[in-house]
Each structure stands twice: as structure tokens, then as C-alpha cells.
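A.B. asks: Quick one: sequence plus predicted model below, questions after.
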Amino acid sequence: MEFERIKQIPPYALGVVVAMMTEARKRGEDVINLGMGNPDLPTPPHIVAKMKEATDKPKNHRYSVSRGIPKLRMAICKWYQRNFGVELDWDSEAIATMGAKEGLSHLIYALTMPGDTVLVQNPTYPIHTYAAIIAGAQTIPIRSDSPEIFLEQLEEIARTGKGKILIFSFPSNPTTLAVELAFFERVVALAKQYQLLLVHDLAYADIVFDGYQAPSLLQAKGAKDVGVEIYSLSKGYSMPGWRVGFVVGNREMVTALTRIKSYLDYGMFAPIQIAATVALDGPQACVKEIVEIYRRRRDVLCDGLNGLGWAVEKPKATMFVWAKIPEHFASMGSLEFAKRLLTKGLVTVSPGIGFGPFGEGYVRFALVENEKRIRQAVRGIKKVMNL
Ligand SMILES: Cc1ncc(COP(=O)(O)O)c(C=O)c1O
């Protein structure tokens, strides 16, 4: 059987490397997995405790509310006010989602019709592109080597009248590129000028280092007129398996997502929503502790690679290191180089091509193993570099 929609979505590029890793591990090889960005740190205990307590109450076993219980939506708005000074109406400008991925996918489905054109930052987290493709939209990649190149490209394409929506994300996965508020102000101005809707993914809002603070799109004046922002509790609160995130901002866009989700789901399991409320409203020291662990891992990896002569910059944000393939191996391409790192160095990384055509020439390291294991990874990479 063949399904047209499925033919549009290729298997994950990382899948090939993960399959090789699984085989190597079966053979007993100790592979360090810096491939998938799957946070390894436990969810903070007070959040887990709340989940347990709420699970014991039978009233929480019923269908919940598709758009999120009021207390969670209120906590989301308070969190935005505390972190960014942005005012949101909890009832009309915030919706809880089953992670950022689900929220983004259904939002794009709600906002587009087949044949619409969506502009998508590239390279980027695959669902940014595939949410549009799954919805039957056309996509145009916007290069994001730097904020300046992104803005130039965006204006060039928007000027042609192509594009209904822009999907983008800063701090970026995989490039780790981080921006200042002036960047969002310029994007909002372009959106108003060229009638674009903005969908900004702020999944890495909290994973920031060395004094850098990630701005919110909604801090830009007038952003709510044209856009929404998506946040995920997977990273800052280390809750990836819980599947909890939210979408906030423009009322019409939030309402569109609310409508579609009211048909598709009954909301997250209530204890997850209650625990997420506690995460957002409760003590925030846990977020700093999580960030500090990623910072130390970042330093170990970057110092290690630089020590081998593989020049990489320390990122200001995210849980990744985006590394240009060393000159000597550049002609191999990112997939073959990732395979080489796996077979000869026993380290799994994500090939840049998996994040879109403009990701070629790079590999991405995810900081999801401890410092000792990252040191071991550097020793493995040394063997590859010396071959
Ligand atoms: C940019 C970005 N958005 C969203 C997600 C996933 O968020 P969630 O777990 O809430 O679906 C990731 C995970 O790697 C990501 O990198």
C-alpha cells in the first residue's frame, strides 16, 4: 500500500545512525549517545511528588479539559509575566498542549489549507518543516547562518508575497543561534508589512549560559497582533516524557488551535497538568541547577574538541553543540561523517543534513550524557581525528 501523505515524510535521518548504534551496542560496544536531544536529567522531585499525589485522587482520572485546566493556563500567564513582563489573558491567549511538537503540528494544521506556503527557518528541528508538509502546505526554507542573514532572506521572500506563516525558533536547535529583542522587533515589523503570521518556538527559553537571556517574541511591541509563541516543559523543567507545553499569544490563532484540539483530544491526564502547574508556579531553583549541569557539559565537550584541533564555539544557549565538520572530513558529508564517528569513535551525533539542506556540513552534539561520558566521547573522537 502507498499513502500519499506518508510519502512526503522521509524517515528521520538520525534513524540510520541510531540503528547502527543499536547494532553496535548489541555487539557489546560502549557507545556514547550524543545523538537525540532527549534530556537525561530526572524531573525535579517536587514535580514528581505532586503528580503522585494527584494520581491518587479518583476525580483526576476523568477526561480533562482539552485546552488545559484553568489553573495551568493561569500559571502559564503568570510565568510569562514573571519571566518576560508580558501580560496574557489566561482564558483566551493561552492553551496547554501535549508538548511543543503536538501544539505546533496542530496549530499549523489549523492555520493552513493545502497549497498554502509556509516559510521555515533552516536548518531546524524537523517538525517545524514537517508540520507544514503534513498539513499539505508548501515550504520555503529561510537560511539562518546568522540573525542578519535570516532577516535578509525573510525580507527577500516575504517581499514576493509568498508565505502565509513563518515558523522559527531562537535559541535554535540545531544551530544554537541566539538573538536579542531587536531581532524579534524587526521580524514583527516585517510580518505586519507583508501579512505574515508568526509561530515562534521558544523551547530553549531557560537553557541559557554566561549571562545571556533569551527574549520572548511576545516582548516585541505588537507581536500579539501577528503571532504566537510555543514553550515546552521538556527542557527547562526536564519533563520530556510528560508531554507538556503550551502556546500563547494571538487570540485568533490560539482559538483556532483550541477548536481543532477540542475535536482531537480531551487534554493531558489531569495529574500531569497539576504537576506542570506546580513546575511553573513553584520554586525555580531546579531550573538553574539543570542549566548549570548543561553548562558544565558544554564546557567539557567544547574544551575537549578545541583541544583536538576541532574548532567549535561555546553556545550561549540550548543543550547542543553545533560543530562544522573538520576540513579534513568535510567532503564526506554529515551522514557519512556521523557514521565514521560512530564506528571508529563510538560516539553518536546527529548529522546536520537531518535538520534540512542548509544543515549539511555540520553535526550536532546533544549534551545528554554526563561529564565523564562526554570526556570518553572526546577520547573516541580523538581516534577518528588521528586516522
Ligand atoms: C526547538 C524544539 N522545539 C520543541 C522540541 C520538543 O518539545 P516537546 O518535548 O515539548 O514536544 C524540541 C526538542 O528537541 C526542540 O528542539
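C.D. replies: Yep, that arrived.
A.B. asks: Report the secondary structure state of residue 100.
C.D. replies: Following DSSP: H, G, I helix; E, B strand; the rest coil, residue 100 is assigned to helix.
A.B. asks: what sits against the residue of the stretch 101-250 of the chain at minimum distance from the ligand?
C.D. replies: Closest residue of the stretch 101-250 of the chain to the ligand, Cβ to the nearest ligand atom: residue 232 (3.0 Å). For every residue, glycine as well, the C-beta is placed using N, CA and C. Residue 232 is in contact with 99, 100, 203, 244, 245, counting by Cβ atoms under 8 Å, 6 or more residues apart in numbering.
A.B. asks: which residue sits closest to the residue most central in space within the chain, ignoring its sequence neighbours?
C.D. replies: The centre of the chain sits closest to residue 203, judged by Cα atoms, centre = their mean, with a distance of 4.9 Å. Excluding the flanking residues, the one nearest residue 203 by Cβ to Cβ, 6 or more residues apart in numbering is residue 232, at 4.4 Å.
A.B. asks: who's the one you found bridged to?
C.D. replies: residue 245 (DSSP bridges).
A.B. asks: Would you check how far apart residue 256 and the ligand are?
C.D. replies: 19 Å (Cβ to the nearest ligand atom, to the nearest Å).
A.B. asks: which of the contacts of residue 232 count as buried?
C.D. replies: Among the contacts of residue 232, those classed as buried by 16 or more other Cβ atoms under 10 Å are 99, 100, 203, 244, 245.
A.B. asks: For stretch 299-316, list the C-alpha coordinates in PDB.
C.D. replies: The C-alpha trace of stretch 299-316 is given here as PDB (Å, rounded to 0.1, in the frame of the first residue of the first chain):
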ATOM      1  CA  ASP A 299      32.400  23.300  28.600                       C
ATOM      2  CA  VAL A 300      33.800  19.800  28.800                       C
ATOM      3  CA  LEU A 301      32.800  19.000  25.200                       C
ATOM      4  CA  CYS A 302      33.800  22.300  23.700                       C
ATOM      5  CA  ASP A 303      37.200  22.400  25.500                       C
ATOM      6  CA  GLY A 304      37.800  18.800  24.600                       C
ATOM      7  CA  LEU A 305      37.000  19.300  20.900                       C
ATOM      8  CA  ASN A 306      39.000  22.500  20.700                       C
ATOM      9  CA  GLY A 307      41.900  20.600  22.400                       C
ATOM     10  CA  LEU A 308      41.800  18.100  19.500                       C
ATOM     11  CA  GLY A 309      42.000  20.900  17.000                       C
ATOM     12  CA  TRP A 310      38.300  20.700  16.100                       C
ATOM     13  CA  ALA A 311      37.400  24.400  16.500                       C
ATOM     14  CA  VAL A 312      33.900  24.900  18.000                       C
ATOM     15  CA  GLU A 313      32.300  27.800  19.700                       C
ATOM     16  CA  LYS A 314      30.700  27.600  23.100                       C
ATOM     17  CA  PRO A 315      26.900  28.200  22.500                       C
ATOM     18  CA  LYS A 316      25.100  30.900  24.500                       C
END
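A.B. asks: Going by neighbour count, which residues in it are buried?
C.D. replies: 300, 301, 302, 304, 305, 308, 310, 312, 315, 316.
A.B. asks: In strands, which of those fall?
C.D. replies: Members of the buried residues of stretch 299-316 lying in strands (criterion: DSSP state E): none.
A.B. asks: any chance of these in CSV, with distance to the ligand too?
C.D. replies: Formatted as CSV, the buried residues of stretch 299-316 follow (distance: Cβ to the nearest ligand atom, whole Å):
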residue, distance to the ligand
300, 21
301, 18
302, 19
304, 23
305, 21
308, 27
310, 23
312, 19
315, 13
316, 15
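A.B. asks: what's around the residue of the stretch 251-387 of the chain found nearest the ligand, how many residues?
C.D. replies: Going by Cβ to the nearest ligand atom, the ligand is nearest to residue 318 of the stretch 251-387 of the chain, at 7.7 Å. For residue 318, the neighbour count with other Cβ atoms under 10 Å is 30.
A.B. asks: what do you get for residue 351?
C.D. replies: Look at residue 351: counted by other Cβ under 10 Å, it has 25 neighbours.
A.B. asks: dump the residue contacts of it.
C.D. replies: By Cβ under 8 Å, 6+ apart, residue 351 lies in contact with 13, 14, 17, 333, 334, 335, 337, 338, 359, 363.
A.B. asks: phi, psi of it?
C.D. replies: When read as degrees, to the nearest 10, the backbone of residue 351 gives phi -70, psi 140.
A.B. asks: Report pLDDT for the nearest residue to it once chain neighbours are set aside.
C.D. replies: Leaving aside its sequence neighbours, residue 351 sits nearest to residue 334 (Cβ to Cβ, 6+ apart; 3.7 Å). According to the prediction, residue 334 has pLDDT 96.
A.B. asks: how far away is residue 334 from residue 13?
C.D. replies: Noted for residue 334: a distance of 9 Å to residue 13, by Cβ to Cβ, to the nearest Å.
A.B. asks: Give the closest residue to whichever residue of the stretch 51-200 of the chain sits closest to the ligand in space, chain neighbours not counted.
C.D. replies: Residue of the stretch 51-200 of the chain nearest the ligand, by Cβ to the nearest ligand atom: residue 99 (2.9 Å). With Cβ to Cβ, 6+ apart as the criterion, residue 99 has its nearest non-adjacent residue at 4.3 Å, and that residue is residue 243.
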